[in-house]
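> coordinates for the following, if possible.
(one chain, ligands or ions: 1)
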Amino acid sequence: MSGSHPHSSTVVERHLSKQQEAMADTEFGAWIDGELRTGGPKRGVQDPVIGCSIVDVPQSDSASVDAAVDAAWEAFEREWEATDARDRSARLFEWAEVLKDHTEELTLLECLDCGKPISQARGEVEGAIDTLEFYASVCRAQRGSEIPGGKNLHLYTTQEPYGVVGGIVPWNYPLWAAAWKLGPALAAGNVVVLKPASDTPLSTVRAAQLSEGVLPDGVLNVLPGSGSSVGQAIAEHDDVRKVSFTGSTDVGSGVMRAAAGRVAPVTLELGGKSPFIVFPDADVQKVVDAVADGIFYSTGEICDAFSRAIVHESIADEFTERFVEKAESYVLGDPLDEETTMGPLTSQSQFETVTEYIETGKQEAELLCGGGTPDDPELADGWYVEPTVFGSVTNQMTVGSEEIFGPVQTIQTFADYEEAIELANDTRYGLAAGIGTERTSLVHQTADDLHAGLVYVNEYGPILPDAPYGGFKQSGFGKDLGIEALEHYQRTKSVYVNLDDPEL
Ligand code: NAD
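The predicted structure is shown next:
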């Protein structure tokens, strides 16, 4: 930790003290084979509120990936492969209990390196634990199948794990995203080598340490490091039998190419530019709240952000006025404050990307609110941008077509149903879509017509582990969450047993 800061303010003092508290009893590094490895060059993990390093974390490299994969196979063959669903379920429940006891610690870590408002960070840590418990439950309810193959044939299927699975996750909901991979992969009987994003490794490394004595050594390995070394090495490793990736579409397609060389299956959860269609009969305030939540939650750093409001022309003025009012009501502040509803962007590079998009938007569309950084001097060192809304947007504009991954909303209008669907589907992505209407029949028709893997009606979220989550088109394939994800971490085997006994 730097321990010093060029500026002094209440927020700076508070963060330096909270950083000290969070780092007091914990060391960070790679978690491989049940122990912390602290060798290698270090990279500072930044606090996006005050723009200084929280802690220097040793970075893994491709040699660490080799070591982790070897340790993981050893653990698989030594004991994890022989476990049954009941054993794995018990261990996952036990790990979840330990994590529950550390919820506030994990929440603080998530809050500090992501800049996520503490209430959201807490919700996501709880979501991660809930995900582990979901898979601890459902893995025991899995069934094989018996297939009628004739009188003298016993034909059945079994589900088997792959062995070593690689996971690569982004920085926008670190522990929750990790749990989306770890829950189903471990419950299905695999062992895992997981890479958190280099900007936000803290909560995941800590959660791995908290699995000590619960998960056998080598079953869970977490390697902080860069995408180009650690991520790429996981994607390319001959002995990683499946790769599950969450991140951008460009990097995801590279991961798919790397895995294709050895015909390893991949699950890809990628980017989005999700539309929300607001029909003329919508409850406008309800929908304003839903769309705002969908774009401003987590400072817009969400893959399924409702970044495109497509509003019927008859209610566009009312929607826009209320939406701008709602955007301006967000409380930008210190994420450690329970009252803060929007924190900074997670990294300086994301701040630069988002501000560049905002400048482009000012050239091509109509700026309705925001578009700058907050005036509050307490926030001057942080990577904050104001909630920003653009009107008169088209799908041809940069801000209307590219994923911004920040608190930037675009509003466009439509005249009839066909136009709404055409505008909504006119994107390379297909992660999520929203519908604002009070008419049930319209909900079903529209949900059918939208090319997206998730459809929310009159709301944003919740995201429950119970339901499959994932996109269409260039938003990826395969599913995180739901019983489907458990099945994605397993291979099906058909067994033909010939019962034709010549003695009878
Ligand atoms: P990113 O693609 O840059 O990075 C994602 C992860 O991949 C990180 O851990 C990164 O270090 C690693 N990586 C980078 N280069 C790599 C390489 N060559 N080989 C292997 N791994 C590599 O994405 P990001 O900026 O961290 O996250 C934002 C993106 O993630 C957005 O596009 C967002 O929509 C998407 N996302 C999707 C979902 C979803 O569920 N669909 C969820 C969260 C984020």
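
> and the closest residue to residue 475 other than its chain neighbours, what does it touch?
Residue nearest to residue 475 in three dimensions, not counting chain neighbours: residue 431, with 3.8 Å by Cβ to Cβ, 6 or more residues apart in numbering. For every residue, glycine as well, the C-beta is placed using N, CA and C. Contacts for residue 431 were tallied using Cβ atoms under 8 Å, 6 or more residues apart in numbering; they are 270-272, 274, 303-304, 452-454, 470-472, 475-476.

> mind checking pLDDT for residue 431?
At residue 431, the model reports a pLDDT of 98.

> same thing with residue 24?
In the prediction, the pLDDT value recorded for residue 24 is 89.

> up against the ligand, what does the protein have?
168-172, 195, 197-198, 227-228, 231-232, 235, 246-248, 251, 254-255, 269-272, 303, 403, 405, 431, 471, 476 (Cβ under 6 Å from any ligand atom).

> ChimeraX command to pick out the buried ones of those residues?
A single ChimeraX command selects the buried members of the residues of the chain next to the ligand (16 or more other Cβ atoms under 10 Å):
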select :168,169,170,171,172,195,197,198,227,231,232,235,246,247,248,251,254,255,269,270,271,272,303,403,405,431,471,476
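
> the helices in the stretch 51-200 of the chain, which residues?
Taking DSSP state H, counting those that start in this stretch as the test, the helices found in the stretch 51-200 of the chain are 62-78, 85-101, 103-114, 118-138, 174-187.

> pick the most buried one from the ones you listed.
Among those, ranked by average contacts under mean count of other Cβ atoms under 10 Å, first place goes to helix 174-187 (a mean of 28).

> and that helix, what's its mean pLDDT?
On average, helix 174-187 scores 98.

> quick one: distance of that helix to the chain centre.
Offset of helix 174-187 from its chain centre (Cα atoms, centre = their mean, to the nearest Å): 10 Å.

> and the contacts of residue 431 as a markdown table, adding pLDDT and secondary structure?
What follows is the contacts of residue 431, written out as a markdown table (pLDDT from 0 to 100; DSSP: H, G, I helix; E, B strand; the rest coil):
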| residue | pLDDT | secondary structure |
| --- | --- | --- |
| 270 | 98 | coil |
| 271 | 97 | coil |
| 272 | 98 | coil |
| 274 | 98 | coil |
| 303 | 96 | coil |
| 304 | 97 | coil |
| 452 | 98 | coil |
| 453 | 98 | coil |
| 454 | 97 | strand |
| 470 | 98 | coil |
| 471 | 98 | coil |
| 472 | 98 | strand |
| 475 | 98 | coil |
| 476 | 98 | strand |
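
> using CSV, lay out these together with distance to residue 38.
As requested, those are arranged in CSV below (distance: Cβ to Cβ, whole Å):
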residue, distance to residue 38
270, 33
271, 34
272, 37
274, 41
303, 32
304, 36
452, 43
453, 40
454, 40
470, 36
471, 37
472, 42
475, 37
476, 34
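
> quick one: which of those is nearest to residue 112?
Taking Cβ to Cβ as the measure, residue 112 sits nearest to residue 303 out of these, at 22.1 Å.

> residue nearest the middle of the protein, spatially speaking?
Per Cα atoms, centre = their mean, the C-alpha nearest to the average position across the chain is that of residue 177, at 4.1 Å.

> residue 371: neighbouring residues, count only.
18 (other Cβ atoms under 10 Å).

> for it, give me phi and psi.
Note on residue 371: backbone dihedrals following degrees, to the nearest 10 are phi 90, psi 0.

> look up how far residue 235 lies from the closest residue to the ligand within the stretch 51-200 of the chain.
Using Cβ to the nearest ligand atom, the single residue of the stretch 51-200 of the chain nearest to the ligand is residue 170, 3.2 Å away. For residue 170, the distance to residue 235 equals 15 Å [Cβ to Cβ, to the nearest Å].

> now do residue 121
From residue 121 to residue 235 the distance is 29 Å (Cβ to Cβ).

> and what of residue 46?
In terms of Cβ to Cβ, residue 46 sits 26 Å off from residue 235.

> next: residue 217.
For residue 217, the distance to residue 235 (Cβ to Cβ) stands at 25 Å.

> make sure residue 489 is actually in contact with residue 242.
Yes: counting by Cβ atoms under 8 Å, residue 489 touches residue 242, with 6.8 Å between them.

> how does this structure divide up, domain by domain?
With domains defined by automatic domain parsing, the chain comprises 11-270+478-490, 275-464.

> now the ones you listed in TSV, with distance to residue 496?
Listed next are those as TSV, based on distance: least, Cβ to Cβ, whole Å:
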stretch	distance to residue 496
domain 11-270+478-490	5
domain 275-464	36
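
> quick check: which of those domains is nearest to residue 499?
Closest among the domains of the chain, using Cβ to Cβ: domain 11-270+478-490, at 4.6 Å.

> ok now that closest one, how far from the chain's centre?
With Cα atoms, centre = their mean, you get 12 Å for domain 11-270+478-490.

> any idea how far apart the tips of it sit?
Start-to-end span of domain 11-270+478-490 (Cα to Cα, to the nearest Å) is 48 Å.

> follow-up on the earlier one: what do residue 489 and residue 242 both touch?
162, 165, 190.

> is it true that the last one touches residue 159?
Read it as residue 190. No: the pair residue 190 / residue 159 is not scored as a contact, 11.5 Å apart, by Cβ under 8 Å.

> between these two, who's got more neighbours?
Set residue 190 next to residue 159 and count neighbours by other Cβ under 10 Å: residue 190 wins out with 26 against 19.

> the more buried one and residue 258, how far apart?
Computed as Cβ to Cβ, the residue 190 to residue 258 distance reads 19 Å.

> how about residue 99?
32 Å.

> same check on residue 116?
Distance of residue 116 to residue 258, given as Cβ to Cβ: 30 Å.

> which of the two has more neighbours?
Between residue 116 and residue 258, counted using other Cβ under 10 Å, the more crowded position is residue 116 (30 against 20).

> quick one: low-confidence ranges for the chain?
Residues of the chain meeting the criterion pLDDT under 70: 1-8, 502-504.

> mind doing that once more with 80?
For the chain, applying pLDDT under 80 flags the ranges 1-8, 500-504.

> which non-adjacent residue is nearest the closest residue to the ligand within the stretch 301-450 of the chain?
Going by Cβ to the nearest ligand atom, the ligand is nearest to residue 303 of the stretch 301-450 of the chain, at 3.0 Å. Ranked by Cβ to Cβ, 6+ apart and with sequence neighbours excluded, the top spatial neighbour of residue 303 is residue 272, at 5.2 Å.

> didn't the one you found look like it was pressed against residue 301?
No: counting by Cβ under 8 Å, residue 301 is not a contact partner of residue 272; they are 12.0 Å apart.

> now the nearest residue to residue 460 once chain neighbours are set aside: how far from the ligand?
Spatial nearest neighbour of residue 460, excluding adjacent residues (Cβ to Cβ, 6+ apart): residue 294 at 3.5 Å. Distance of residue 294 to the ligand, computed by Cβ to the nearest ligand atom, to the nearest Å: 13 Å.

> got a list of contacts for the helix or strand hosting residue 294?
If you go by DSSP states H and E, residue 294 is part of helix 284-296. For helix 284-296, contacts defined as Cβ under 8 Å, 6+ apart pick out 274, 276, 278, 302, 304-307, 309, 315, 318-319, 322-323, 326-327, 330, 341-342, 387, 407-409, 434, 436, 456, 458-461.
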